[in-house]
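Q: my questions are about this predicted structure, shown below with the sequence.
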Amino acid sequence: MLQSLIPSVAQLARNAGAMLKDGFGGRVTARDKDGAHNLVTEYDIRVEAYLLEELSKLVPNSAFLGEETGRHTGQAEVTWIVDPLDGTVNFAHGIPMFCVSIGAVVDGELALGVIYQPMLDELFTGWKGAGAYLNGSPIRVSTTDRLSESILVTGFPYNVRDNPDCCIDQFARVLHQGLPIRRLGSAALDLAYTAAGRFDGFWEVRLHPWDMAAGVVLVREAHGMVSQYENQPFELGHNSIVATNGLIHTQLIELLAQ
């Protein structure tokens with residue numbers, strides 16, 4: 001049933017993205033949420049309220065987990081997991097690298113992922129067992145099979161100076177391999193771009209379900225691999241993630257674990 005709603009969910013993501021695009025570059029009111037540089041703007045709040053209302057109409061009594069408003073319980077076997085503006089710091093500083101991310105857990109499993117980058121008009125969609133797409137065309141992870149030839153992407157938690165989970169040490173180990181590494185400022189886009197083969201792999205710690213839910217579906221449906229750092233099966237309740245084309249997965253895991 002939910003798979004038939006993908007066009008409707010995609011349109012909601014486009015509508016939400018249009019709201020962000022309209023506000024981009026204008027006067028934005030930003031405040032620290034729970035730490036330095038962890039910002040929230042009026043657009044985060046406005047877009048999440050819009051998505052909560054509209055997604056609840058698509059599936060009455062569905063549950064909802066949003067970055068700004070937290071968890072809303074429901075009776076349906078669907079939980080929407082939403083980041084209304086992934087890349088808030090970029091948005092607030094006039095950097096056009098941000099997105100809307102909508103994931104869905106159905107009967108206890110991640111099943112739907114929709115990510116929309118409004119500045120580039122790129123709509124990523126995926127459904128469990130049905131593939132991943134960019135603006136309607138199928139996407140697939142890269143075919144790079146050697147870590148030494150890979151381009152990677154990562155991010156850092158807001159308390160990076162405390163080196164949580166040894167994230168600085170891990171970054172240094174990867175950097176010492178001489179690999180090109182990018183830092184977009186949006187975990188959802190990192191995952192979408194890995195699914196599309198633009199990056200060969202992504203790793204990060206201290207993420208939240210709304211950062212990862214939609215992107216995990218996309219990577220899996222693009223024939224990639226997703227796990228926790230210890231190469232254990234990925235779970236939304238865990239805050240570390242490694243996502244790759246599958247071919248370099250073990251190599252990256254082993255490097256991070258050194």
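A: Here it is on my side, so go on. None of these values were measured; they are calculated from a predicted model. Residues are numbered from 1 along each chain as shown.
Q: now the helices for the stretch 1-150 of the chain?
A: Assigned by DSSP state H, counting those that start in this stretch, the stretch 1-150 of the chain shows helices spanning 6-23, 42-58, 88-92.
Q: pick the most buried one from those helices.
A: helix 88-92 (a mean of 22; mean count of other CB atoms under 10 Å). Heads up, the C-betas are built off the backbone N, CA and C, glycines and all.
Q: how about Asp145, nearest residue that isn't a chain neighbour?
A: Leu247 (4.1 Å; CB to CB, 6 or more residues apart in numbering).
Q: show the model's pLDDT score for that neighbour.
A: Reading off the per-residue confidence, Leu247 sits at a pLDDT of 98.
Q: and Leu256, by the same measure?
A: pLDDT, the model's per-residue confidence, is 93 for Leu256.
Q: repeat for Gln11
A: pLDDT, Gln11: 98.
Q: contacts only, for Val242.
A: Contact partners of Val242, counting by CB atoms under 8 Å, 6 or more residues apart in numbering, are 201-203, 226-229, 231, 249, 252-253, 256.
Q: between those residues, which is nearest Ala132?
A: Comparing the contacts of Val242 against Ala132 with CB to CB picks out Val226 as the nearest, at 12.5 Å.
Q: what about the closest one, how many neighbours?
A: Using other CB atoms under 10 Å as the criterion, Val226 is surrounded by 23 other residues.
Q: pretty sure it is in a strand, no?
A: Yes - remark: Val226 belongs to a strand, assigned using DSSP: H, G, I helix; E, B strand; the rest coil.
Q: which strand residues bridge it?
A: Going by DSSP bridges, Val226 is paired in beta bridges with Ala243.
Q: for Pro209, what are its contacts?
A: Listed by CB under 8 Å, 6+ apart, the contact partners of Pro209 are 65, 81, 103, 236-237.
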